[in-house]
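> Compute the structure for the input listed below.
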Amino acid sequence: MILSELILVGTESQSVKQINSFFSAVQMPNSSKHLFRRTMSYVAQEKKLLCVVLILIMLGTLLNIIGPVIAGRVVDLAVVKSSSELWVYATAIILLTLSSGAVSFLREYLSGLMSQKVVYRIRISIYKHLQDLSYSFYDKFDAGQIISRVSRDTENIGGMLGFAIPNIVASLSTLVTVAGILLVTNLRLALVALAITPFILLVSLFFNRFVRPLFEKNWIGISGMSTIIQEGVSGFKVLKALGVEDEMFKKFNRKNVEIYNIGMRITLLSSITWPSLGLIVGVGSAALYWYGGIQVIASGITLGQLVTFTMYLGMLVWPIMSIGFVLSRYAEAMISTRRIFEVLDTEPEVKEKPNAIELEKVKGEVRFENVTFGYGDQPILKGLSFEVKPGEKVAIVGATGSGKSTIVKLIPRFYDPQEGLILIDGIDIRDVKISSLRKNIGIVHQDVFLFPTSIRENIAYGKPNATLEEIERVAKIARIHDYIISLPNGYDTVVGERGVTLSGGQRQRIAIARALLVNPSILILDDSTSSVDSETEREIYDSLKELVKDKTVFIITQRLSTLKLAERIIVVKDGRVVEDGTHEELMRRGGVYAQLYLTQYATQEVVK
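Next up is the predicted model:
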């Protein structure tokens, strides 16, 4: 369990937690206006930069509208065959081009800077929130989807802020300015030029209306594909061993075909939209040339003025056409925004009280009082009660699904019980700061996660300043030291993702060393030696005896033959404690434990 190990050693910020129906329970308004306002709350932190960008957009618009005026004046000079002022206008065009280029550069750079700063803050917010979310969140949500939200969706928002919003502002600024100039200069010619505007807007809005749900489906499909790819890569050895690569490929290809079909529908809409816009612009240009030509012949306007009008029409058309494209980018970004705020609005089920206290000088007494807990509608523990004294070594046993592992997950508050109390040294763990609670607990799971770094760093992850001597000491106790020093680089040997270069037993022993290094007051071994042979397991427990003599230890294991090492055994059945005592006492009673032990022993004899 990656999450639990990071939480327990108190170093969640050192690594991303590898984690849609879950979010259906999240109650939040998700209209585009609401989402946009929330996103702009991040932009507001860069309001000075935003103001500079807006000023640059306005300045760029003013510079752009000068060009057609100069072009029209040059045409009029050419008609009358006057060259006296041409050098002035040529110089003006050069200066105008340089100025426009400089303004455009500053606008693009500062827009990008602003968007990256906002994306940075959003990523910080979502990452910190992910660390605060409870264990149940990661039970219900897979890693591929969460990684997609932290990476792809935030990038999509960056695109909206750095491209879509500045372009919308620039387009609207250009539209208002150019339309005003046209109307003031020649009302009739302006009306001809502007007549195509409603049609362009209608086509753009039509495109946006139909393409937005497709973008959402596309993002969901990509998230699903990420999950399938992750499963295929992580489980590739299993797939190879079982010879079922084709089945995984079929699963991948089904999702791939789904995304392909969605992409083709978007392509079809684009293929219809852009030629339609081009046709509308062509008709508008023809109308302008026809009516403008009549005006020129009738000496109502000069040829240069017609050229200026035509250039303004081009300036008018592109912003209108681009609004459709920009709106589609905006719609796509709003989908990403909704997905991100769904995570940010998910409340942790395990919360820390405002007046929570530090848990200091822990002796290790643990008491469950009428604890009831279940996953969703499935009850696991039912009024469970027991007490463990400080320094006691307790094994919890029971059949599969009896709730053994659930019990030890409640102690560090990975979950909170629905009813009852859990106390450490007489203090309700819900009254304690979560970080101080977990710093006093070490846990080793059956499913061990190793970071793709050196063995030394993996063992010292919970205590980065540990000396090599300290690391070697716990490695010796975990019976992994000899193997490590046999490697070419010793403790500096780098392990692969999820420790794939090591056997299951070797990974478990490194995890045991990692838990021991932080010197917890309470140690939980949750089937932590399932991948080592019985003799090595016995050696590990023998080595642990001296080190943990003053610590409270919970042992969860399927090998009942090793439970004679425990001072006390608690037997759980149907979510309740049914037996409690030493190995010898429980065997004499001939109850549930004796039956489990004898059944397992007989099975082992048959295997032999």
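
> Touching whichever strand or helix holds Leu384 from outside, list them.
Assessed by DSSP states H and E, Leu384 sits inside strand 378-388. For strand 378-388, the surrounding residues in contact (CB atoms under 8 Å, 6 or more residues apart in numbering) are 364-374, 394, 403, 406-407, 410, 417, 419-420, 552, 554, 568, 570, 572, 574-577, 580. From N, CA and C alone the C-beta is placed, and that goes for glycine too.

> Go ahead and measure how far stretch 456-465 is from the middle of the chain.
Chain-centre distance of stretch 456-465: 25 Å, with CA atoms, centre = their mean, to the nearest Å.

> tell me the SS of Ala241?
Using DSSP: H, G, I helix; E, B strand; the rest coil, the secondary structure recorded for Ala241 is helix.

> Distance check, it against Tyr415.
Ala241 sits 34 Å away from Tyr415, taking CB to CB, to the nearest Å as the criterion.

> neighbour-wise, which of those two wins?
Higher neighbour count among Ala241 and Tyr415: Tyr415, with 19 against 9, using other CB atoms under 10 Å.

> Show the contacting residues for that one.
Ser134, Tyr135, Ser136, Glu349, Val350, Phe373, Thr406, Lys409.

> Secondary structure, distance to Asn440 and pLDDT added to these, as a markdown table?
Formatted as a markdown table, the contacts of Tyr415 follow (DSSP: H, G, I helix; E, B strand; the rest coil; distance: CB to CB, whole Å; pLDDT from 0 to 100):
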| residue | secondary structure | distance to Asn440 | pLDDT |
| --- | --- | --- | --- |
| Ser134 | coil | 19 | 80 |
| Tyr135 | helix | 18 | 78 |
| Ser136 | helix | 23 | 80 |
| Glu349 | coil | 22 | 86 |
| Val350 | coil | 17 | 87 |
| Phe373 | strand | 21 | 92 |
| Thr406 | helix | 20 | 90 |
| Lys409 | helix | 16 | 91 |
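
> which of these count as buried?
With burial judged by 16 or more other CB atoms under 10 Å, the buried subset of the contacts of Tyr415 is Ser134, Tyr135, Ser136, Val350, Phe373, Thr406, Lys409.

> which one among the residues you listed gets closest to Pro275?
Pro275 lies nearest to Ser136 out of the buried ones among the contacts of Tyr415, by CB to CB, at 51.1 Å.

> Give me the phi and psi for the closest residue to that closest one other than its chain neighbours.
Spatial nearest neighbour of Ser136, excluding adjacent residues (CB to CB, 6 or more residues apart in numbering): Glu349 at 5.4 Å. With angles defined as degrees, to the nearest 10, Glu349 shows backbone torsions of phi -70, psi -30.

> And Glu567, by the same measure?
According to degrees, to the nearest 10, Glu567 has phi -80, psi -20.

> try Val518
For Val518, the backbone dihedrals (degrees, to the nearest 10) come out as phi -80, psi 0.

> Lys439 is in contact with that one, correct?
Yes. At 7.5 Å, Val518 counts as touching Lys439 under the criterion of CB atoms under 8 Å.

> Mutual contacts of these two, please.
With contacts taken as CB under 8 Å, 6+ apart, Val518 and Lys439 have no neighbour in common.

> now the residue nearest to Glu358 when sequence neighbours are not counted, what's its secondary structure?
Closest residue to Glu358 apart from its sequence neighbours, by CB to CB, 6+ apart: Ser436 at 4.7 Å. Look at Ser436: counting by three-state DSSP, its state is helix.

> Number of residues surrounding Ser436?
Residues within reach of Ser436, counting by other CB under 10 Å, total 15.

> Can you name the residues that contact Lys217?
Under the criterion of CB under 8 Å, 6+ apart, the neighbours of Lys217 are Ile262.

> mind listing the helices for the stretch 401-550 of the chain?
For the stretch 401-550 of the chain, the helices defined by DSSP state H, counting those that start in this stretch occupy 404-410, 434-439, 455-459, 468-477, 481-486, 504-517, 534-547.

> Can you mark which positions in the first one are buried?
Neighbour-count burial for helix 404-410, counted by 16+ other CB under 10 Å, picks out Lys404, Ser405, Thr406, Ile407, Val408, Lys409, Leu410.

> Identify, from those residues, the entry nearest to Val79.
For the buried residues of helix 404-410, the nearest to Val79 is Lys409 (86.6 Å; CB to CB).

> The closest one is in contact with Tyr135, isn't it?
Yes. At 7.0 Å, Lys409 and Tyr135 qualify as touching, with contact defined as CB under 8 Å.
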